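J.: Turn this into a structure:
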Amino acid sequence: MDKVIEIKNLSFNYPDGHQGLKNVDLIIHPGENVAVIGPNGAGKSTLLLHLNGILRGNSTVKICGLAMEENNLKEIRKRVGLVFQDPEDQLFSLSVFDDVAFGPVSMGYPESEVRQRVIRALEWVGMGGYEQRSPHHLSFGEKKRIAIATVLSLDPEILVIDEPTSNLDPRSKWSLVDLLKQFPMTKIIATHDLELVRALCQRTVVMDEGKVVADGDTEVILGDIPLLKCHGLAPANL
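T.: All right, here's what the predicted structure looks like:
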């Protein structure tokens, strides 16, 4: 498969009439690490929510060759792991185990496989042994890792993360970056953190006012200071 994500002419209006996305075209290939950057309100999060059908605009969206249609949603949500900006939006159970198990249980896996998937996902994010802890008593960085484990438990082909380093101290941030580098799947990361972009992503998409305004090699994009300034992005290393 040469495309894991194919979006053609995607537009989306919120109920209040605000246009969140305008004629977005985007193709992402297997194994790519793609950053989506832009100012607040650029449409980054709105775009991410279209990648597993939480939002659906008037366009063609295909994930791993599957059209974004009702009868494909369960399979698409297995393949696309979406991690929200605030882990509190993802963690709602009394124990870490139950939060990480939620996806596999919903997919109907047998109890023995659910347990195996939970333990493996927690090991992947460096949180082995936390199964019986309350997610609400963990540090913010630990919650971020647990939130990632909740989607890794389904072995996604695509990992989609909204602002992974927001509200993290420098040590936690770089620990998370090192963690994300280890995952082989395709990654799409919406962020304001240009250090993260440079460290993790080979390709960068710039969005503003709901549109894709640039798409290319990360070093080229981050080196284009006029482009970054024009779209409200602090230049890297300045």
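J.: what are the ranges of the strands in the protein?
T.: Assigned by DSSP state E, the chain shows strands spanning 5-13, 19-28, 33-37, 60-63, 66-67, 80-83, 158-162, 186-190, 203-208, 211-217.
J.: For this protein, just list every one of the helices.
T.: Taking DSSP state H, the helices of the chain run over residues 44-49, 73-79, 96-106, 111-124, 140-152, 170-182, 194-200, 218-223, 225-230.
J.: hmm, back to that, rebuild the strands of the chain as JSON lines, extending it with mean pLDDT.
T.: Formatted as JSON lines, these follow (pLDDT from 0 to 100):
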{"stretch": "strand 5-13", "mean pLDDT": "94"}
{"stretch": "strand 19-28", "mean pLDDT": "95"}
{"stretch": "strand 33-37", "mean pLDDT": "98"}
{"stretch": "strand 60-63", "mean pLDDT": "91"}
{"stretch": "strand 66-67", "mean pLDDT": "94"}
{"stretch": "strand 80-83", "mean pLDDT": "95"}
{"stretch": "strand 158-162", "mean pLDDT": "96"}
{"stretch": "strand 186-190", "mean pLDDT": "97"}
{"stretch": "strand 203-208", "mean pLDDT": "97"}
{"stretch": "strand 211-217", "mean pLDDT": "97"}
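J.: Ok, which of the ones you listed comes nearest Ala149?
T.: strand 80-83 (9.7 Å; Cβ to Cβ). In this view, the C-beta of every residue, glycine as well, is placed from N, C-alpha and C.
J.: Return the closest one as CSV; C-alpha atoms alone will do.
T.: Only the C-alpha atoms of strand 80-83 are listed here, as CSV (Å, rounded to 0.1, in the frame of the first residue of the first chain):
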residue,chain,number,x,y,z
VAL,A,80,-5.7,4.9,13.7
GLY,A,81,-4.8,5.5,17.3
LEU,A,82,-5.7,9.1,18.2
VAL,A,83,-4.2,10.6,21.3
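J.: Which neighbouring elements make contact with it?
T.: helix 140-152, strand 158-162 (3 or more Cβ pairs under 8 Å, 6 or more residues apart in numbering; DSSP states H and E).
J.: Next one: the residue lying closest to Tyr130 once chain neighbours are set aside relative to Asp89, how far apart?
T.: Computed as Cβ to Cβ, 6 or more residues apart in numbering, the closest residue to Tyr130 that is not its neighbour in sequence is Val96, at 4.8 Å. Distance, Val96 to Asp89, by Cβ to Cβ, to the nearest Å: 16 Å.
J.: who's more crowded, the two?
T.: Counted by other Cβ atoms under 10 Å, Val96 and Asp89 do not tie: Val96 has more neighbours, with 26 against 11.
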